[in-house]
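In: build me a structure from this.
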Amino acid sequence: MNERGEAVLSEVAEAFAWYYEDRIKQGLPAEKRNCIFTKGGYTAKDVERLILSMPFKRFEGMGYMRHSKYLGILQIDKSIMKTLDDNDISDILTYCMNALDRYWK
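Out: Predicted coordinates for the structure are as follows:
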């Protein structure tokens, strides 16, 4: 994301797909249950739809994020971004990495 809390959806989808493809290359499950990455044959648009349905929909519902369909941008709510400093962002990234570790255990 940039300094305004914006990320291009297609780039997020690319990183999202890479994460799961990397897990498969390592011999790890792509997901705990059946998913598009396990099935294969998915498109970039399939990955974008997956992201927008979950996990994005949950964050949007809580008012944390927004999606600009016209621009293809995901954005952390501006009022939240105004309150975050580099340490907060680092803490959030650490929390997310720890959450992934807990998820896979």
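
In: for the rest of this, base every contact and every neighbour count on C-alpha atoms.
Out: Fine.

In: find the residue ranges of this protein scoring beneath the pLDDT cut-off.
Out: When the per-residue scores of the chain are filtered using pLDDT under 70, no range remains.

In: quick one: contacts for Phe59?
Out: Met65 (CA atoms under 8 Å, 6 or more residues apart in numbering).

In: pretty sure it is in a helix, no?
Out: Yes: under DSSP: H, G, I helix; E, B strand; the rest coil, Phe59 falls within a helix.

In: quick one: it from Thr43, how far?
Out: 24 Å (CA to CA, to the nearest Å).

In: secondary structure class for His67?
Out: Note that with three-state DSSP, the state of His67 is strand.

In: which strand residues bridge the residue nearest to it when sequence neighbours are not counted?
Out: In space, and not counting its chain neighbours, His67 is closest to Leu74: 4.6 Å by CA to CA, 6 or more residues apart in numbering. For Leu74, the beta-bridge partners are Ala7, His67 (DSSP bridges).

In: I'd like the numbering to begin with 340 instead of 1 from here.
Out: Right, with 340 as the first residue, what we last looked at is Leu413.

In: and Leu413, how many residues sit next to it?
Out: Residue crowding around Leu413 was assessed by other CA atoms under 10 Å; the count is 22.

In: can I assume Met404 is in contact with Ser418?
Out: No: here Met404 lies out of contact with Ser418, judged by CA atoms under 8 Å, at a distance of 10.3 Å.

In: these two: which is more packed in?
Out: Of the pair Met404 and Ser418, Met404 is the one with more neighbours under other CA under 10 Å, namely 19 against 9.

In: check contacts around that one.
Out: Listed by CA under 8 Å, 6+ apart, the contact partners of Met404 are Phe395, Phe398, Leu413, Gln414, Ile415, Asp416.

In: distance to Lys371 added to the residues you listed, as a markdown table?
Out: Shown next, in a markdown table, are these (distance: CA to CA, whole Å):
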| residue | distance to Lys371 |
| --- | --- |
| Phe395 | 19 |
| Phe398 | 21 |
| Leu413 | 26 |
| Gln414 | 28 |
| Ile415 | 27 |
| Asp416 | 30 |
